[in-house]
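In: predicted model and sequence follow; I will ask about them next.
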Amino acid sequence: MLDFNLIDSEFKKYVSNFNFDDEKISLKYYHTLEVANICYEVAESLGLSNEDKDLVKLIGYLHDIGRFEQVATTNSFKDKELDHANNGVRILFDEGLIRRFIQEDKYDEIIKKAVRNHNKYKILDPVNDREELFANIIRDSDKIDIFRVRTKYYHNEMKLVPTPKIVEEVKQGHSINLNDIKNKSDSILCVMAFIFDFNYKESLRVLKKKGYYNDFLNSIEVSDENMDIFNEIKEQLLKKLEV
Ligand SMILES: [Fe+2]
């Protein structure tokens, strides 16, 4: 059994090394706490054991540990400059921070693969069924809270004309590769299309219950010329929540 009083205080202690007045730091701090709880909720609705629910929650606490150093060194969330997931694995397993959160090492491979793959377009590591389960849950849980974060902290505009290739991909029900994004409207469509990348209908139910997807869609400022295409895509995407 994991000790979440210890885990919570070790996480706070780690974040206290960074400038909490920087909104990028505080945003990721609160995001982490939210994701840890969402992880537990998703794990519960998947009917996992108590041991596995705790492990999922721990992964929630650790998934973005590499963000804080990324912000401190690059002043951004740009993974092209410093991939925060790979950086998290380095901090946890090369520097050994993991042992402050959990003494035993029997879950190390599961945690490592879940953290490393949480921000990738697809899971890149070879994974067994169990490793895949935990990687899938953190990928779903992270996306659920990203809709809340995007609504609360970002100015979501769809004013430029989106790239036709991106529009086509979304219409076909595909998630978007970050490398294809050319303008701000594309990046809005990319976040909207996260809905295609959920692994479990249980995760979609948690998202629906929280209302974060609708809030995000409602927060988008759409120019008149983009309104028709936006509404068409919106209708299609909202069907994904009918689970
Ligand atoms: Fe992340």
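Out: Everything's here; your move. Numbers count the residues shown, from 1 in each chain.
In: how about the residue nearest the centre of the chain, what does it touch?
Out: Nearest to the geometric centre of the chain sits D142, at 2.6 Å (Cα atoms, centre = their mean). Counting by Cβ atoms under 8 Å, 6 or more residues apart in numbering, D142 makes contact with 35, 63, 118-119. Just so you know, the C-beta spots here come from the backbone N, C-alpha and C atoms, and that holds for glycine as well.
In: give me the residue from the protein nearest the ion.
Out: Relative to the ion, the nearest point of the chain is D64 (4.3 Å; Cβ to the ion).
In: quick check: that residue vs K152, distance?
Out: 16 Å (Cβ to Cβ, to the nearest Å).
In: and the longest helix belonging to the chain, what's its mean pLDDT?
Out: When the chain is parsed with DSSP state H, its longest helix is helix 129-153. The average pLDDT within helix 129-153 is 98.
In: what's the following helix or strand after it?
Out: Using DSSP states H and E, the helix or strand that follows helix 129-153 in sequence is strand 157-158.
In: buried sites along the helix or strand that that following strand is followed by?
Out: Next along the chain after strand 157-158, taking DSSP H and E as the criterion, comes helix 164-171. Buried residues in helix 164-171, counting neighbours by 16 or more other Cβ atoms under 10 Å, are found at 166-167, 169-170.
In: wait, doesn't E169 sit right on I176?
Out: Yes. E169 lies in contact with I176 (Cβ atoms under 8 Å); the separation is 5.8 Å.
In: okay, and the common contacts of those two?
Out: In contact with both E169 and I176: A193, using Cβ under 8 Å, 6+ apart.
In: and K120, how many neighbours does it have?
Out: 16 (other Cβ atoms under 10 Å).
In: what about I111, which helix or strand?
Out: helix 108-117.
In: what's that helix packed up against?
Out: Helices and strands touching helix 108-117, by 3 or more Cβ pairs under 8 Å, 6 or more residues apart in numbering; DSSP states H and E, are helix 50-62, helix 84-89, helix 129-153.
In: got a markdown table for those helices, with distance to I102 too?
Out: Below are the helices and strands packed on helix 108-117 laid out as a markdown table (distance: least, Cβ to Cβ, whole Å):
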| stretch | distance to I102 |
| --- | --- |
| helix 50-62 | 7 |
| helix 84-89 | 15 |
| helix 129-153 | 14 |
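In: okay, buried residues for stretch 92-105 please.
Out: 92-93, 97-98, 101-102.
In: where does this structure have low pLDDT?
Out: Within the chain, no stretch has pLDDT under 70.
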